[in-house]
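[1] got a predicted structure plus its sequence, pasted below:
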Amino acid sequence: MSTGNMNLTLKVWRQKNNIAKGSLVDYKLSNISPDMSFLEMFDVLNEGLVDKGEEPVVFDHDCREGICGACSMFINGQPHGPLQGVTTCQLHMRSFKDGDTIVVEPWRAKAFPVIKDLMVDRTAFDRVIAAGGFISVNTGNAQDANNLPIPKVKADSAFEAAACIGCGACVATCKNASAMLFVSAKISQLAQLPQGQPERYRRVQSMVSQMDAEGFGNCTNTGACEAECPKGISLENIARMNRDFYSAKFVSEEEV
Amino acid sequence: MASFGNAFSSSIGKKLIMGITGLFLVLFLIVHCFINALIFINDGGLTFNIGAHFMATNWLIRAGEIVLFVGLIAHIVQGARLTFQNQAARPVKYAVSNGNANSKWYSRSMGLLGTLLLIFLIVHLSNFWVVSRFTGIPTTDANGHEDLFAVMKETFKNIWIVVLYVLAMVSLAYHLLHGFSSAFQTLGWNHKKYTPLIKGVGVWYSIIIALLFALMPIAIYAGFIN
């Protein structure tokens, strides 16, 4: 491990609670190792704050290996920072230069209210899932592999959609704070598999209605979500969701 | 009784209206551009005036004009509503936002580009549409048709009108550059075989249409066409 040799200025969003007015606060950090992850750098910052008797910066994190979707942070104007295909926990300080000023803000969306500092309430996503992002069958014993014939391309495409970790970077980066990439991924992972068919057209209607009710914006196809998604979720999913939605509304006779 | 529910009022439904009206306006621009391009024949506007006369008198075209205005107004109203709703979806803005890292500026500025086009449209309609439909075209050409070309020549004597038209066509080019392929994506037409084609056609369409339109006032002002 190389020793710390980076000096940084952090501008971090501090906000006491949901109703308080927040602001960016400057912190100087010295002797930061380029091998640290971005969150480890925040741990160093927080240890320093605790030593001084100040409130540490609150931020979401869990697995710290890029698969849980807990970490957030809008870093220098991009969700999860400047790298493509990684979450904040997998971003390392070697992606920055000595002497850099780094601005760190929480996800900003009406549907993601700030709880404290950099932590936002993402339960809107949970409610969208609860509205229909599931299949209603008793799973029973595990079936033999290949019991249900699924073309390889379909299985791969469903799996790619299922890679979504629900971190909310798509909402954070979208100029409209739209959740369409997330919702379309959760619809697409089921819409392409046989198990997802019975509820396919109910699902898309319920989930889109819940998405709208949560106050997310409307998609304008800028493609920012796809570019920033740490899991590379494709815009093809949004087109698929749109197709399923039109089928549900104009072809299906079932109302939701 | 089954109904369409929130088919048009949901987020996807609102996009659907934008996409369909947008593609309809794309088709309209082809017709408009083709007929106007008849001035480049450079025969004193005789051929162009035949085209204009047909468009002004054919009942099918006149009926289509009503559909056009309905589509146009729907596109404008829905676009404005979407823009305001989308702004409201992020009440606290970012201090730093690096949009250029992940998207094109014009894809994020459709509301602004559309507003510029609306301002242009008001001037444009008062320049030509109001004249040909209501106040009347003062002169006729050698064929006895209303001389709309003469109105064009008169209008584009003013350099500021020419500048406004050219700037508006730059806005149009960028508006179409995003709007064309975006409409197909909204309609769900995302396909590995067709999407590259749609994107390519969209780029060429945007450039050719905007360039041809922009050349008209320039050519008349500069006296290339008489």
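    Looks like it came in fine.
[2] can you tell me the SS state at the residue nearest in space to the middle of chain A?
    Centroid check for chain A by C-alpha atoms, centre = their mean gives residue A:167 as the closest residue, at 2.0 Å. Per DSSP: H, G, I helix; E, B strand; the rest coil, the secondary structure class of residue A:167 is coil.
[3] which residues touch the residue nearest to it when sequence neighbours are not counted?
    Sequence neighbours aside, residue A:69 is the residue nearest to residue A:167 in space, at 4.1 Å (criterion: C-beta to C-beta, 6 or more residues apart in numbering or on different chains). Glycine gets a C-beta too; all of them are placed from N, C-alpha and C. Counting by C-beta atoms under 8 Å, 6 or more residues apart in numbering or on different chains, residue A:69 touches A:87, A:165, A:166, A:167, A:168.
[4] same check on residue A:252?
    residue A:201.
[5] quick check: phi and psi on it?
    Backbone torsions of residue A:252, given as degrees, to the nearest 10, read phi -70, psi 140.
[6] repeat for residue B:146
    phi -60, psi 130.
[7] my guess is it contacts residue B:53. True?
    Yes - counting by C-beta atoms under 8 Å, residue B:146 does reach residue B:53; the two are 6.5 Å apart.
[8] neighbours around residue A:198, how many?
    Residue A:198 has 12 neighbours, counted by other C-beta atoms under 10 Å in any protein chain shown.
[9] residues in contact with it?
    Contacts of residue A:198 by C-beta under 8 Å, 6+ apart are A:135, A:136.
[10] distance of residue A:239 relative to residue A:250?
    Distance check for residue A:239 against residue A:250: by C-beta to C-beta, to the nearest Å, it reads 16 Å.
[11] those two: who's more crowded?
    Between residue A:239 and residue A:250, residue A:239 has the larger neighbour count (other C-beta under 10 Å), namely 22 against 10.
[12] tell me which helix or strand residue A:205 sits in.
    helix A:200-213 (DSSP states H and E).
[13] what helices and strands are in contact with the helix or strand that comes right after that helix?
    Next helix or strand after helix A:200-213 toward the C-terminus (DSSP H and E): helix A:224-228. For helix A:224-228, the elements it packs on are helix A:169-173, helix A:180-191, judged by 3 or more C-beta pairs under 8 Å, 6 or more residues apart in numbering or on different chains; DSSP states H and E.
[14] skipping adjacent residues, who's closest to the residue of the stretch 51-200 of chain A found nearest chain B in space?
    Nearest residue of the stretch 51-200 of chain A to chain B, counting by C-beta to the nearest C-beta: residue A:77, 3.1 Å away. Leaving aside its sequence neighbours, residue A:77 sits nearest to residue B:98 (C-beta to C-beta, 6+ apart; 3.1 Å).
[15] number of residues surrounding that neighbour?
    Residue B:98 - counted by other C-beta under 10 Å - has 16 other residues nearby.
[16] who touches it in this structure?
    For residue B:98, counting by C-beta under 8 Å, 6+ apart, the contacting residues are A:76, A:77, A:78.
[17] can you check residue B:56 too?
    Counting by C-beta under 8 Å, 6+ apart, residue B:56 has contacts B:62, B:132, B:133, B:146.
[18] returning to that earlier point: could I get the helices and strands packed on helix A:224-228 as TSV with distance to residue A:83?
    Below are the helices and strands packed on helix A:224-228 laid out as TSV (distance: least, C-beta to C-beta, whole Å):
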stretch	distance to residue A:83
helix A:169-173	12
helix A:180-191	18
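[19] out of these, flag the one nearest residue A:57.
    Of all those, helix A:169-173 sits nearest to residue A:57, with 17.7 Å by C-beta to C-beta.
[20] hey, which helix is longest across chain B?
    helix B:59-88 (DSSP state H).
[21] list the buried ones in the next helix or strand after that one?
    Using DSSP H and E, the helix or strand that follows helix B:59-88 in sequence is helix B:110-124. Buried residues in helix B:110-124, counting neighbours by 16 or more other C-beta atoms under 10 Å in any protein chain shown, are found at B:110, B:111, B:113, B:114, B:115, B:116, B:117, B:120, B:124.
[22] cool, and stretch A:210-226?
    Across stretch A:210-226, burial judged by 16+ other C-beta under 10 Å covers A:210-212, A:214-226.
[23] quick check, nearest of those residues to chain B?
    Using C-beta to the nearest C-beta, these come closest to chain B at residue A:217, 3.3 Å.
[24] who are the packing partners of the helix or strand containing residue A:42?
    With elements taken from DSSP H and E, the one containing residue A:42 is helix A:38-51. If you count contacts as 3+ C-beta pairs under 8 Å, 6+ apart, helix A:38-51 packs onto strand A:6-14, strand A:23-32.
[25] kindly reformat these as a markdown table containing distance to residue B:217, mean pLDDT and mean neighbour count.
    Below are these laid out as a markdown table (distance: least, C-beta to C-beta, whole Å; pLDDT from 0 to 100; neighbours: other C-beta atoms under 10 Å in any protein chain shown):
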| stretch | distance to residue B:217 | mean pLDDT | mean neighbour count |
| --- | --- | --- | --- |
| strand A:6-14 | 48 | 97 | 18 |
| strand A:23-32 | 48 | 96 | 13 |
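[26] up against chain B, what does the stretch 51-200 of chain A have?
    Within the stretch 51-200 of chain A, the positions near chain B by C-beta under 8 Å from any C-beta of the partner chain are A:74, A:76-78, A:82, A:103, A:105, A:108-111, A:173, A:175-178, A:180.
[27] the more surrounded of residue B:146 and residue B:53?
    residue B:146 (20 against 17).
[28] the residue of the stretch 51-200 of chain A closest to chain B and residue A:186, how far apart?
    27 Å.
[29] who has more neighbours, those two?
    Counted by other C-beta under 10 Å, residue A:77 and residue A:186 do not tie: residue A:186 has more neighbours, with 26 against 19.
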